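Colleague: One predicted model, sequence on top.
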Amino acid sequence: MQALSWVCGKKEKTSSNIFISKNPANFQKELRSFAAATPLQIREAIQKAQKSYLSWKQTPAPVRANMIAHFGELLRQNKTELSRIMTSEMGKPLKEALGDVQEAIDTCQFFASEGRRLYGMTVPSEMPQKELSTYRRPVGVFACITAGNFPVAVPSWYFVPALVCGNVCLWKAPEDAPLTSYYFAKLLHAAGCPEGVFQVLFGGGAGSTGQWLVEAIEEGGIDKFGFTGSTEVGRRIGEICGRHLISACLELGGKNPLVVMEDANLDLAVEGALWSGLGTAGQRCTSLGNLILHKKIKKPFLDKLLKKIAQIKIGDPMNKQVMYGPMMSEKFMSDHLSNLEKLVKKHHRVLTQGRMSKENPWPHWVGKRSPEAGYFCHPTVVDQVKPGDEIYSTETFGPLFNVMTCQDFEQAIHLANGTGYGLSSAIYTQNTFYIYHWKEKISSGMTSINNSTTGAEAHLPFGGNGKSGNGSRQSGIWVLDQFTRWQAVNWDLSQKLQLAQIETPQIRANLNFRIN
Ligand code: UN1
């Protein structure tokens with residue numbers, strides 16, 4: 001197998017820093033080996049990006065956006081192949097992988113026309129013969145680290161608007177999905193994006209390319225940083241960016257609540273909880289963390305939900321019937337298993353848990369191989385969780401969610417807001433009083449009413465509060481503020497020195513004007 005390294009747009013055949021992309025449903029199957037970018041290669045990539053910026057920012061925005069329209073079209077043409085690569089590389093079911101690519105196509109469609117807007121404003125001046133206007137200007141070199149769970153949609157949320165706005169991009173692609181990332185970059189270049197304008201760096205996180213890219217912020221040359229991943233790492237990136245006056249776009253963890261009130265449509269809420277909790281094997285930042293059930297419906301609701309869970313099919317992610325496939329990698333599986341050991345206490349009631357095996361089988365396993373060939377884990381529901389429990393406020397990122405009981409609406413809000421995170425949330429109810437107050441009082445950046453915590457649409461602002469981020473938002477028109485800076489222009493045509501905020505005769509004359 002040949003190592004694939006693609007730094008600064010060129011392939012290098014050898015490197016001492018090799019890592020291998022494996023199929024998590026069958027880890028004997030090695031997909032491709034990759035060479036991790038070194039600190040020196042990162043430096044070279046930053047220099048190349050700086051050079052490329054000079055011409056890319058001069059390229060008219062509608063021309064830049066045409067390239068994105070073309071990229072969207074190539075994604076559409078390659079949707080099935082790219083989705084299949086994604087599924088075999090990071091294990092999400094094929095139908096979800098198709099949805100992941102579709103999200104990127106939708107993002108391209110949205111921003112392809114934004115290149116013809118990127119509106120500024122004209123503003124009236126307080127002086128005669130003077131024009132005031134505002135322009136969105138690109139920020140410069142944008143470096144970004146994304147996670148493997150959304151290997152096409154999430155990078156598109158960053159890079160599509162960043163490129164339309166005139167920035168140049170350096171991407172540390174996820175260690176768990178390098179082949180998918182390689183394909184993404186190939187399509188972007190095939191769409192006409194110059195190589196220096198969009199560069200990919202392969203490698204790991206701590207102690208590897210990701211860490212070195214963050215350290216490169218200290219050397220100058222990076223103007224903007226994006227990160228999707230854990231709160232712990234995001235906080236460190238935010239600190240470094242803060243020291244260098246670089247604004248970071250941080251999309252971090254979640255402990256997302258889903259509340260079911262006493263008047264809810266229970267069957268609908270069961271579907272929502274199931275999908276929020278176990279879709280993508282719980283490996284979404286928007287996955288369900290705490291299921292908060294009103295005491296009046298707790299028992300019938302949980303009975304229905306557990307019955308449904310007992311019937312789900314788990315296994316080969318290429319099979320259309322599976323609810324979820326393997327964990328993304330051995331690391332994600334072992335983190336999940338150690339969470340179970342660390343966080344589940346004696347007073348909790350737990351439905352099935354652990355890694356799937358011959359000794360610990362799942363009754364509705366789907367697949368030709370045995371589950372031990374991959375990183376498959378049981379669904380875990382932890383009941384009787386209390387606000388003081390560590391598991392209540394710790395992100396677990398696996399097929400696991402908690403169950404809590406609330407006495408009334410006020411307590412539901414209190415439990416929903418109490419974890420310190422604030423990414424996504426959901427409530428199931430028909431009561432307009434509850435809905436009105438929920439929208440106002442829930443502290444998360446995104447909330448759903450009678451829908452799941454996951455699956456935000458591609459053109460609404462995506463992002464969180466508290467430990468879920470630094471207030472930055474992606475997607476839709478809101479992300480433009482991440483990738484542009486406002487420039488204010490004063491254009492004086494009067495051939496006089498007209499001054500604002502100084503009492504010149506002209507200003508006095510204006511101030512003295514009275515309506516009799
Ligand atoms: C993530 O897990 O980082 O709303 C992103 C959702 C998806 C995106 C998740 N559209 O669940």
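Modeller: Nice, I can see it.

Colleague: quick one: the helices in the stretch 401-516 of the chain?
Modeller: For the stretch 401-516 of the chain, the helices defined by DSSP state H, counting those that start in this stretch occupy 409-417, 432-441, 480-483, 505-512.

Colleague: export those to CSV and tack on mean neighbour count?
Modeller: The C-beta positions use only the backbone N, C-alpha and C, and glycine is treated the same way. Below are the helices of the stretch 401-516 of the chain laid out as CSV (neighbours: other Cβ atoms under 10 Å):
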stretch, mean neighbour count
helix 409-417, 20
helix 432-441, 13
helix 480-483, 19
helix 505-512, 11
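
Colleague: Dump those helices to TSV, plus mean pLDDT and distance to the ligand.
Modeller: As requested, these are arranged in TSV below (pLDDT from 0 to 100; distance: least, Cβ to the nearest ligand atom, whole Å):
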stretch	mean pLDDT	distance to the ligand
helix 409-417	98	18
helix 432-441	98	18
helix 480-483	98	16
helix 505-512	63	52
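
Colleague: CA-only coordinates of the longest helix along the chain, as CSV, when you get a sec.
Modeller: Longest helix in the chain, counting residues (DSSP state H): helix 94-114. Only the C-alpha atoms of helix 94-114 are listed here, as CSV (Å, rounded to 0.1, in the frame of the first residue of the first chain):
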residue,chain,number,x,y,z
LEU,A,94,-24.8,4.7,4.1
LYS,A,95,-28.1,6.7,4.3
GLU,A,96,-26.5,9.0,6.8
ALA,A,97,-23.4,9.4,4.7
LEU,A,98,-25.5,10.3,1.7
GLY,A,99,-27.2,12.9,4.0
ASP,A,100,-23.8,14.2,5.0
VAL,A,101,-22.8,14.8,1.4
GLN,A,102,-26.2,16.3,0.7
GLU,A,103,-25.6,18.8,3.5
ALA,A,104,-22.4,19.9,1.7
ILE,A,105,-24.3,20.2,-1.7
ASP,A,106,-27.0,22.4,0.0
THR,A,107,-24.3,24.5,1.5
CYS,A,108,-22.7,25.0,-1.9
GLN,A,109,-26.0,25.9,-3.4
PHE,A,110,-26.6,28.5,-0.7
PHE,A,111,-23.2,30.2,-1.0
ALA,A,112,-23.0,30.0,-4.8
SER,A,113,-25.5,32.8,-4.9
GLU,A,114,-24.1,34.6,-1.9
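
Colleague: So what are the sheet partners of the helix or strand following it and their directions?
Modeller: As assigned by DSSP states H and E, the chain's next helix or strand after helix 94-114 is strand 122-123. Sheet pairing of strand 122-123 (DSSP bridges) gives strand 130-138 (antiparallel).

Colleague: coming back round to it: rebuild the helices of the stretch 401-516 of the chain as TSV, extending it with distance to residue 271.
Modeller: Formatted as TSV, those follow (distance: least, Cβ to Cβ, whole Å):
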stretch	distance to residue 271
helix 409-417	20
helix 432-441	19
helix 480-483	34
helix 505-512	64
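
Colleague: Now do the same contact list for the one residue in the stretch 1-150 of the chain that gets nearest to the ligand.
Modeller: Proximity of the stretch 1-150 of the chain to the ligand (Cβ to the nearest ligand atom) peaks at residue 150, 4.7 Å away. By Cβ atoms under 8 Å, 6 or more residues apart in numbering, residue 150 lies in contact with 100, 103, 228, 284.

Colleague: Run a quick check on residue 389 versus residue 344, I expect a contact.
Modeller: No. At 9.3 Å, residue 389 and residue 344 do not qualify as touching, with contact defined as Cβ atoms under 8 Å.

Colleague: okay, the closest residue to residue 400 other than its chain neighbours: pLDDT?
Modeller: Counting by Cβ to Cβ, 6 or more residues apart in numbering, residue 380 is the residue found nearest to residue 400 once chain neighbours are left out, at 4.2 Å. The model reports residue 380 with a pLDDT of 96.

Colleague: Also residue 423?
Modeller: With respect to pLDDT, residue 423 scores 98.

Colleague: now swap in residue 16 and tell me
Modeller: Residue 16 is assigned 64 on the pLDDT scale.

Colleague: Tell me where the stretch 51-200 of the chain has helices.
Modeller: Using DSSP H, counting those that start in this stretch, helices in the stretch 51-200 of the chain cover 61-77, 79-90, 94-114, 153-164, 178-190.

Colleague: Of these, which stretch is the most buried?
Modeller: Burial of the helices of the stretch 51-200 of the chain is given as mean neighbour count (mean count of other Cβ atoms under 10 Å); helix 153-164 ranks first at a mean of 26.

Colleague: Next, the angle from it to helix 61-77.
Modeller: Interaxial angle, helix 153-164 versus helix 61-77 (axes from the mean of the first three to the mean of the last three Cα atoms, to 10 degrees): 160 degrees.

Colleague: What average pLDDT does helix 153-164 get?
Modeller: In the prediction, helix 153-164 has an average pLDDT of 98.

Colleague: Please compute how far that helix lies from its chain's middle.
Modeller: Here helix 153-164 is found 11 Å from its chain centre; the criterion is Cα atoms, centre = their mean, to the nearest Å.

Colleague: Same question for stretch 126-135.
Modeller: In terms of Cα atoms, centre = their mean, the centre of stretch 126-135 is found 40 Å from the chain centre.

Colleague: next one: stretch 445-464
Modeller: Remark: stretch 445-464 is offset 12 Å from the chain centroid, using Cα atoms, centre = their mean.

Colleague: thinking again about what came up before, what is the neighbour count of the residue nearest to residue 400?
Modeller: Close neighbours of residue 380, defined as other Cβ atoms under 10 Å, add up to 24.

Colleague: Kindly report the same for residue 300.
Modeller: Counted by other Cβ under 10 Å, the residues lying close to residue 300 total 11.

Colleague: Would you mind measuring from it to residue 290?
Modeller: Between residue 300 and residue 290 the computed distance is 19 Å (Cβ to Cβ, to the nearest Å).

Colleague: May I have the phi/psi pair for the closest residue to the ligand within the stretch 301-450 of the chain?
Modeller: Residue of the stretch 301-450 of the chain nearest the ligand, by Cβ to the nearest ligand atom: residue 424 (6.9 Å). The phi/psi pair for residue 424 (degrees, to the nearest 10) reads phi -120, psi 170.
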